[in-house]
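Q: Sharing a model that was predicted from the sequence below.
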Amino acid sequence: MPHRHLSKDKKLKPIIAKHGELKLKKRKDIFMALCSSIMSQQLSVKVADVIESRFLKLFNNSKPTPELLLQMEHETLRSIGLSNAKAVYIKNVAQFAIDSGLDFKKLNAMQENDLVEYLTRIKGVGKWTAEMIMMFALGKEDVFSTGDLGIQIAIKNIYGIKAKDKKQFEKKMLALAENWKPYRTYACMYLWRHKDGK
């Protein structure tokens, strides 16, 4: 059980006790998961939810196909609160879905590095977005996102890790996360909850 394994970490144990057993859910529509991830970047959960709701209203409150999204006017996408770049990026995702495919089974069968390489071919999808897809769409249990600001803040607060530079800090994060294998995704979920004070 993930929470039992992670509770061996004395600093993580009280956070796990506070939040209880967390569960990962799979989201089989990878196209929509990627669009949602791009739309929510650098936004609070509340604002991201509002924008996604407006986005779905453009398509009569249903999830669009990649073809339908490509037909949507750029200015219409901008009108729901999307930045110029985000409106372009979600269309890039739609084009990629048509040209190369975003099939759940195909992506789920890929090795982590191959999957990151595949998804980051889409302009607007970086390593962080690919990691979020692995965690919250594919439901992979052992993903660790060193580039996530929330995780970095939580680790600094809980473990008091200090480093001369970004590279050294990343190295220390990875060394710490070794103890959480094979459940590093769950560790990230507890770290986010701690950071958000929920």
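A: Alright, I've got the coordinates. Since we're looking at a predicted model, the values are computed, not measured.
Q: Glu67: neighbouring residues, count only.
A: Neighbourhood size, Glu67 [other C-beta atoms under 10 Å]: 10. Where you see a C-beta, it was placed from the backbone N, CA and C, and this is true even at glycine.
Q: need the contact list for it.
A: 94, 98 (C-beta atoms under 8 Å, 6 or more residues apart in numbering).
Q: tell me what the longest helix along the chain is packed against?
A: Longest helix in the chain by number of residues (criterion: DSSP state H): helix 84-99. Contacts defined by 3 or more C-beta pairs under 8 Å, 6 or more residues apart in numbering; DSSP states H and E place helix 84-99 against helix 30-40, helix 66-71, helix 74-79.
Q: For Asp103, which of those is the nearest?
A: Checking the helices and strands packed on helix 84-99 against Asp103 by C-beta to C-beta gives helix 30-40 as the closest, at 7.6 Å.
Q: name the helices or strands packed onto the closest one?
A: Short answer (3+ C-beta pairs under 8 Å, 6+ apart): helix 30-40 packs on helix 45-57, helix 84-99, helix 127-136.
Q: Repeat the analysis, applying 10 Å as the threshold.
A: Helix 30-40 sits against helix 45-57, helix 66-71, helix 84-99, helix 104-108, helix 127-136, with contacts defined as 3 or more C-beta pairs under 10 Å, 6 or more residues apart in numbering; DSSP states H and E.
Q: Name the residues of the longest helix of the chain that are buried.
A: Of all the residues in helix 84-99, those buried under the rule 16 or more other C-beta atoms under 10 Å are 86-87, 89-94, 96-97.
Q: Deepest-packed of the helices and strands packed on helix 84-99, please.
A: helix 30-40 (a mean of 23; mean count of other C-beta atoms under 10 Å).
Q: center of the chain, which residue is that?
A: Met132 (2.0 Å; C-alpha atoms, centre = their mean).
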